[in-house]
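Undergrad: All I have is the shape, not the residue letters:
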């Protein structure tokens, strides 16, 4: 005889369990999540599992096409460049700089954006008006242009590129988090918290943050896709990573002259950039859809 349950386990799952259950129904988003995790693992382990060094040259294998081509060699699965360097090894190490540093930049931006956005949302009067006008001014400048301006001040280099992207993405993060905090502050349960004698810190920790953390994850995914493109764009413009760093945008710029005689040296980094941005956007769209359904419920 089946045991009677007054409250079924299915209907009393945690918020994260319900979020995951709805998210995995979106198959494109689920595929994007697995690709995202694979790229993250590759970014961490690439220096250990790459078959060759990033600058190791093979004078007997210049401009070899990928191994599935008739003139290819199984020793170099994705071919070689004009200096005999293994394209696969360089692309794998490039994931560390393009994708890995994008994750770091997006995380730092999200953390700072949450702190400053919460401060802006909780502020009132002249201080709030000043912050709002400052945000409106910075949001009028595209993130890539703002990053280029910051690079012009700091100077080219991969580390400066990361800081430039953090500063360029911050205004959008602060603006988004501020709007979330302001929306929550206007809801009835916050008024009930205040009537119970809750202070500002308790309102933030027990009231606002538990209701906006999922939105912050979505903001993080949006920032990550922008950071990937900005790091690659600055590397392509030779303002970011400098040779011999194997950042995907820098690899594109370095091999651009070979596009007609060795198109794989340009096409493969472009494909990886497309896949990484697509996977990130699929995850972000999946999360947005889940949050939309949750709000509708």
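TA: Alright, I've got the coordinates. Keep in mind the model is a prediction, meaning the values are calculated, not measured.
Undergrad: Could you find the residue nearest the spatial middle of the chain?
TA: If you average the C-alpha coordinates of the chain and look for the closest C-alpha using C-alpha atoms, centre = their mean, you land on residue 224, 1.6 Å from that point.
Undergrad: so that residue makes contact with residue 280?
TA: Yes: here residue 224 reaches residue 280: they are 5.1 Å apart, a contact under C-beta atoms under 8 Å. The way it works is simple: take the backbone N, C-alpha and C, and place the C-beta from them, glycine included.
Undergrad: what about the residue nearest to the centre of the chain, which helix or strand?
TA: Taking DSSP states H and E as the criterion, the element that holds residue 224 is helix 209-236.
Undergrad: Kindly report the same for residue 95.
TA: Residue 95 is part of helix 87-95 when elements are defined by DSSP H and E.
Undergrad: residues in contact with the residue nearest to residue 102 when sequence neighbours are not counted?
TA: Across the structure, with C-beta to C-beta, 6 or more residues apart in numbering as the measure, the residue nearest residue 102 apart from its sequence neighbours is residue 227 (4.0 Å). Shown here is residue 227, whose contacts under the criterion C-beta atoms under 8 Å, 6 or more residues apart in numbering are 102, 105-106, 109, 165, 169.
Undergrad: where does the stretch 151-297 of the chain have low pLDDT?
TA: Along the stretch 151-297 of the chain, the model assigns pLDDT under 70 to residues 294-297.
Undergrad: where do the helices sit along it?
TA: Listed in chain order, the helices found in the stretch 151-297 of the chain under DSSP state H, counting those that start in this stretch are 158-185, 188-195, 200-202, 209-236, 248-254, 264-296.
Undergrad: Buried deepest among these, which one?
TA: Compared across the helices of the stretch 151-297 of the chain, helix 248-254 shows the largest average neighbour count, a mean of 25 (mean count of other C-beta atoms under 10 Å).
Undergrad: What is that one packed up against?
TA: Where contact means 3 or more C-beta pairs under 8 Å, 6 or more residues apart in numbering; DSSP states H and E, helix 248-254 is packed against helix 87-95, helix 209-236, helix 264-296.
Undergrad: So for the host helix or strand of residue 29, what gets flagged as buried?
TA: Taking DSSP H and E as the criterion, the element that holds residue 29 is helix 27-49. Applying a neighbour-count criterion of 16 or more other C-beta atoms under 10 Å, one finds 29, 32-33, 35-36, 39, 42-43, 46 buried in helix 27-49.
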